[in-house]
Each structure stands twice: as C-alpha cells, then as structure tokens.
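Q: Coordinates only, no sequence provided:
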Ligand SMILES: [Cu+2]
C-alpha cells in the first residue's frame, strides 16, 4: 500500500467510525433539566424535570428513575434532606416529584435514570432555589 492509498483507507475508516457515532446514542447524550429553577417554600411542592437527548434536543419518555435525593448541600446543609415522591402526569419525557421545601435557599436534586436501549446510567444533579 502506498502513502496515498493508506491515507484513503484511513479516511474511509474514520468516516465509518463517524457514521457509527451518529447512529448509536450514548448514555452521555442524555441530560436532566429543570422545567423551573425555583420553587416556593412549603409542603407538597412539585418539581418537574425533563430528560433530554442532547443530540436531538428531544425529551425521552419511559425512562426508569431509580434514585433521587433532595438536600441542601449547595448551602452547606447536606444533612438537611427531604423526601421526594414521584407524581404521575406531565408531558412525555417529563418526570414530576413532590417534596416539602422547609427552608429558603438552594436544594440539590440528585437523580439517576435508565433509558430504554442504553447501557449505563444517566446521572443528574440539579440545583433548585426555594423562595418565599
Ligand atoms: Cu437548610
């Protein structure tokens, strides 16, 4: 194989890899986003989170959310945690949680999700500000 043919073969191989990269989604292509960055202090507040495919920009329905924690770590109160309960309803690709925000300030919502057809876990850490 001369230099030119080698370069062509290499180019073709890279192009092939690029195609595979486009066709196959990766668990890193997904992210959680808050529908609203703030919430009012009090009981039974609803937090809505969207799971998005970053490549397509589209919401991802039917994910299995299996780990959630809500605490005040961003304001130095990691031990101040509150319970989250999944709430039904919302748009496809949106996931709702009910929680009591007992104090003004920044709360950290930690999430994990399994997406159908993907290996690995989508992890998200979202800061929600509770205001009066
Ligand atoms: Cu606190």
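A: Thanks, I have the structure now. What you are looking at is a predicted structure, and each value in this text was computed from that prediction instead of being measured.

Q: going forward, measure contacts between C-alpha atoms and count neighbours the same way
A: Will do.

Q: Next, the most centrally placed residue in the chain: phi, psi?
A: For the chain, the residue nearest the mean C-alpha position is residue 32 (2.2 Å; Cα atoms, centre = their mean). Here is the backbone geometry of residue 32 (degrees, to the nearest 10): phi -90, psi 140.

Q: pLDDT below threshold where in this structure?
A: Regions of the chain meeting the criterion pLDDT under 70 cover residues 1-4, 6, 10-24.

Q: can you map out the helices along it?
A: With helices called from DSSP state H, the chain shows them at 3-23.

Q: how about the closest residue to residue 51 other than its chain neighbours, what does it touch?
A: Residue nearest to residue 51 in three dimensions, not counting chain neighbours: residue 32, with 4.6 Å by Cα to Cα, 6 or more residues apart in numbering. Counting by Cα atoms under 8 Å, 6 or more residues apart in numbering, residue 32 touches 49, 50, 51, 52, 123, 124, 125, 126.

Q: Look up the closest residue to the fourth one, ignoring the ones flanking it.
A: By that I understand residue 52. That would be residue 59: by Cα to Cα, 6+ apart, it lies 4.4 Å from residue 52.

Q: and what of the second one?
A: Distances taken as Cα to Cα, 6+ apart put residue 94 closest to residue 50, at 4.4 Å, once the chain neighbours are dropped.

Q: any idea how far residue 87 is from the one you found?
A: Residue 94 sits 11 Å away from residue 87, taking Cα to Cα, to the nearest Å as the criterion.

Q: next one: residue 117
A: Counting by Cα to Cα, the gap from residue 117 to residue 87 is 24 Å.

Q: So these two - more neighbours on which side?
A: Under the neighbour definition other Cα atoms under 10 Å, residue 117 and residue 87 were set side by side, and residue 87 has more, 14 against 9.

Q: Write down the beta-bridge partners of the more buried one, one by one.
A: Residue 87 has these beta-bridge partners by DSSP bridges: residue 96.

Q: and the gap between it and residue 45?
A: Taken as Cα to Cα, the span from residue 87 to residue 45 is 11 Å.

Q: Alright, that wraps it up for me.
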